[in-house]
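>>> Take a look and give me a structure for this.
(one chain, ligands or ions: 1)
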Amino acid sequence: MKTLASTCGAALAALLLAAPLPAGAEERITRLADVPEDFEFHPLPPGEGVDEVYYGCIACHSLRTVTNGGYSRRVWDELLDWMVEDQGMMEPEPEVREIMLDYLETYIGEDWEG
Ligand code: HEC
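Next up, the predicted model:
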């Protein structure tokens, strides 16, 4: 027999699964044109890890180089290897690299319009 509690639980689970973003998170920006000019890490879109990517990548080139393309995690991963192996980027600590990759995959992923 279905209890009221299990029905409510299922409904709540469905609601949580349907929610695109965790509670309190801002709607993700998916186009360069929508990143506010006065955002401190412009042109990068806001998101967790944006500061790591900003400071890790701005030493050598414009962040436009980063926002030009939206890539899958695998491609970003290869790009980071290429930055380190051939372009002279300092190898980031593994946990920082993970934060960078999470950010790049999530916020400048394949659906990004640069
Ligand atoms: C030590 C310098 C250096 C750092 C730091 C650096 N890059 Fe680069 N990056 C380069 C150079 C140089 C190029 C241009 C290479 C070329 O086109 O021959 C480049 C090019 C690129 C490109 C363009 C690739 C293409 O399609 O031609 C991307 C994307 C990129 N970098 C991403 C990043 C990201 C993301 C970071 C930070 C995590 C980063 N870079 C940090 C030196 C650096």
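>>> Spell out which parts of this structure neighbour the ligand.
Applying the criterion Cβ under 6 Å from any ligand atom, the portion of the chain that neighbours the ligand consists of 53, 56-57, 59-61, 65-66, 69, 79-80, 83, 87-89, 100. Placement of C-beta: from N, CA and C, glycine included.
>>> So which of the residues you listed belong to strands?
In strands, judged by DSSP state E, none of the residues of the chain next to the ligand are found.
>>> Buried among the residues you listed? Need that as a selection in ChimeraX.
The buried subset of those, as determined by 16 or more other Cβ atoms under 10 Å, is captured in ChimeraX by this line:
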select :53,56,57,66,79,80,83,89,100
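>>> which one of the residues of the chain next to the ligand sits closest to residue 27?
The shortest distance between residue 27 and any of the residues of the chain next to the ligand, using Cβ to Cβ, involves residue 53 and amounts to 19.7 Å.
>>> Please verify my assumption that the closest one contacts residue 101.
No - Residue 53 is not in contact with residue 101 according to Cβ atoms under 8 Å; the separation is 9.5 Å.
>>> how much space between residue 109 and the ligand?
Computed as Cβ to the nearest ligand atom, to the nearest Å, the residue 109 to the ligand distance reads 13 Å.
>>> helix or strand for that residue, which one?
Taking DSSP states H and E as the criterion, residue 109 maps to no regular element, lying outside all helices and strands.
>>> Tell me the spatial nearest neighbour of it, not counting adjacent residues.
If you skip the residues right next to it in sequence, residue 109 has residue 70 as its closest partner in space, 5.5 Å away by Cβ to Cβ, 6 or more residues apart in numbering.
>>> That neighbour: neighbour count?
Look at residue 70: counted by other Cβ atoms under 10 Å, it has 20 neighbours.
>>> ok, it to residue 32 distance?
Taking Cβ to Cβ, to the nearest Å as the criterion, residue 70 is separated from residue 32 by 10 Å.
>>> ok, now residue 83?
Taken as Cβ to Cβ, the spacing of residue 83 relative to residue 32 amounts to 21 Å.
>>> next one: residue 56
Taken as Cβ to Cβ, the spacing of residue 56 relative to residue 32 amounts to 19 Å.
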